[in-house]
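**Q** model this:
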Amino acid sequence: MKAIASPPDRRRKEGRPLILYVEDELANFQVAELRLGKTYHLLRAATSEDACRIVRVHHAELYAVLMDIRLVGSELDGVELAKAFRGRPGPSAPAYARDLSLQAPIIFVTAHGAVLAPEVMAAAGGDTVLFKPVDFIKLMGALTEAHLRRGRAARSK
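**A** Residues are numbered from 1 along each chain as shown. So this is what the prediction gives:
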């Protein structure tokens with residue numbers, strides 16, 4: 001499935017921050033778009049390859065990435081993809097996942113929290129972990145907090 005995107009000029013005119021949601025289940029993306037769409041403009045990547053393509057094009061515009069862990073039909077799972085986004089792809093990562101650099105916060109949104117410890121997701125480059133079903137109030141708070149942390153870190157450099 002290809003990523004869903006609006007033309008760049010429309011996105012700027014709307015004035016909403018751009019979020020990439022890496023999610024293989026269309027229904028999960030649609031719920032997020034319904035709940036977040038008035039505040040944010042969401043792009044969907046259904047596979048790791050789609051996600052890397054979107055990051056290459058929109059890396060400077062991305063406000064955040066929402067990252068599912070299990071990506072059915074993808075070469076990389078969400079943890080491996082987060083590492084690639086942070087410029088640390090694994091040795092067996094495909095060519096499309098190399099030479100990426102993303103500064104935007106990565107928020108893992110997963111139903112598989114019991115499988116992977118939050119420390120593993122943080123080591124991969126994630127800023128926060130939220131569990132499905134998504135509490136959208138917590139998600140909005142996590143987006144704000146991630147940006148505040150990154151802003152403080154940038155100012156202290």
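
**Q** so in terms of bridging, what pairs with Leu130?
**A** Val109 (DSSP bridges).

**Q** what about it, how many neighbours?
**A** If you count neighbours by other C-beta atoms under 10 Å, Leu130 ends up with 18. C-beta here means a position set from N, CA and C on the backbone, and glycine is covered the same way.

**Q** pretty sure it contacts Leu139?
**A** Yes - contact criterion C-beta atoms under 8 Å: Leu130 and Leu139 qualify, at 5.9 Å.

**Q** what do these two both touch?
**A** Both Leu130 and Leu139 are in contact with 107, 109, where contact means C-beta atoms under 8 Å, 6 or more residues apart in numbering.

**Q** which parts of the protein are helices?
**A** Ranges of helices within the chain are 8-14, 26-36, 48-58, 78-85, 118-123, 136-156, based on DSSP state H.

**Q** tell me which of those lies nearest to Thr110.
**A** Closest of the helices of the chain to Thr110 is helix 78-85, at 7.2 Å (criterion: C-beta to C-beta).

**Q** contacts for the closest one?
**A** So helix 78-85 is in contact with 22, 48, 51-52, 55, 65, 67-71, 74, 76, 89-90, 93, 97-98, 100-102, 106, 108, 110, 116, 120-121, 124-126, going by C-beta under 8 Å, 6+ apart.

**Q** burial count for Gly87?
**A** When neighbours are counted by other C-beta under 10 Å, Gly87 comes out with 12.

**Q** what residues are up against it?
**A** Contacts of Gly87 (C-beta under 8 Å, 6+ apart): 99-101.

**Q** which residue is nearest the centroid of this structure?
**A** The structure's the chain has its C-alpha centroid closest to Val65; by C-alpha atoms, centre = their mean the separation is 2.1 Å.

**Q** for Ile107, what are its contacts?
**A** Ile107 neighbours (C-beta under 8 Å, 6+ apart): 64-67, 126-130, 139, 142-143, 146.

**Q** ok, those residues vs Arg35, which is closest?
**A** Leu139 (8.2 Å).

**Q** check the gap between the residue nearest to Ala84 when sequence neighbours are not counted and Thr128 for me.
**A** In space, and not counting its chain neighbours, Ala84 is closest to Ala97: 4.0 Å by C-beta to C-beta, 6 or more residues apart in numbering. Using C-beta to C-beta, to the nearest Å, Ala97 is found at 22 Å from Thr128.

**Q** which among the contacts of helix 78-85 count as buried?
**A** For the contacts of helix 78-85, a neighbour count by 16 or more other C-beta atoms under 10 Å gives the buried set as 22, 48, 51-52, 55, 65, 67-69, 71, 74, 76, 89, 93, 97, 100, 102, 106, 108, 110, 116, 121, 124-126.
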